[in-house]
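Asker: Turn this into a structure:
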Amino acid sequence: MTDDNFWVGHLHAYRHDATTGNVMLDSMIDEPGAHHRWSVCVLLDRAEQVDLAAFLLTLIFSTPDTKEPNDHE
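Answerer: Reported below is the predicted structural model:
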């Protein structure tokens, strides 16, 4: 992937429903070029929040794979 086709996204909004425990994430994705923006809304219940947290922690604490696909050990 090159810088020309790399999309930049950021968390635009976060909302928590205290009665249900659900979390709503609203993410903005800035597409390069003609300045298009996409909004992605995700509603997570408590179990999905735990799954997402476990996934993100795994990414944070894992060793990144920096090898190219054709690299040989």
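Asker: only C-alpha atoms for contact and neighbour calcs from this point on.
Answerer: Will do.
Asker: In the chain, where is pLDDT below threshold?
Answerer: Residue ranges of the chain with pLDDT under 70: 1-10, 30-38, 68-73.
Asker: What ranges does it have for its helices?
Answerer: Assigned by DSSP state H, the helices in the chain fall at 46-61.
Asker: Now do the strands in it.
Answerer: 8-16, 23-31, 36-44 (DSSP state E).
Asker: Of these, flag the one that's most buried.
Answerer: strand 23-31 (a mean of 17; mean count of other C-alpha atoms under 10 Å).
Asker: mind listing what it pairs with, with the direction of each?
Answerer: In the sheet, strand 23-31 lines up against strand 8-16 (antiparallel), strand 36-44 (antiparallel) (DSSP bridges).
Asker: can I get the strands of the chain in CSV with distance to Leu57?
Answerer: As requested, those are exported to CSV (distance: least, C-alpha to C-alpha, whole Å):
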stretch, distance to Leu57
strand 8-16, 17
strand 23-31, 18
strand 36-44, 17
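Asker: Select, out of these, the one closest to Lys67.
Answerer: Smallest distance to Lys67 across the strands of the chain (C-alpha to C-alpha): 23.1 Å, for strand 8-16.
Asker: can you tell which of the strands of the chain is closest to Thr63?
Answerer: strand 8-16 (22.7 Å).
Asker: ok, the residue nearest to Asp17 when sequence neighbours are not counted - contacts?
Answerer: Nearest non-adjacent residue to Asp17, counting by C-alpha to C-alpha, 6 or more residues apart in numbering: Val23, 6.4 Å away. Going by C-alpha atoms under 8 Å, 6 or more residues apart in numbering, Val23 touches 14-17, 43-46, 49.
Asker: Identify the farthest-apart pair in these.
Answerer: Maximum pairwise distance in the contacts of Val23, criterion C-alpha to C-alpha, is 14.7 Å, between Tyr14 and Arg46.
Asker: what is Val40 paired to in the beta sheet?
Answerer: Going by DSSP bridges, Val40 forms beta bridges with Ser27.
Asker: can you pull the contacts of it?
Answerer: 25-29.
Asker: What is the nearest of the residues you listed to Thr58?
Answerer: Closest approach between these and Thr58, by C-alpha to C-alpha: Leu25, at 20.0 Å.
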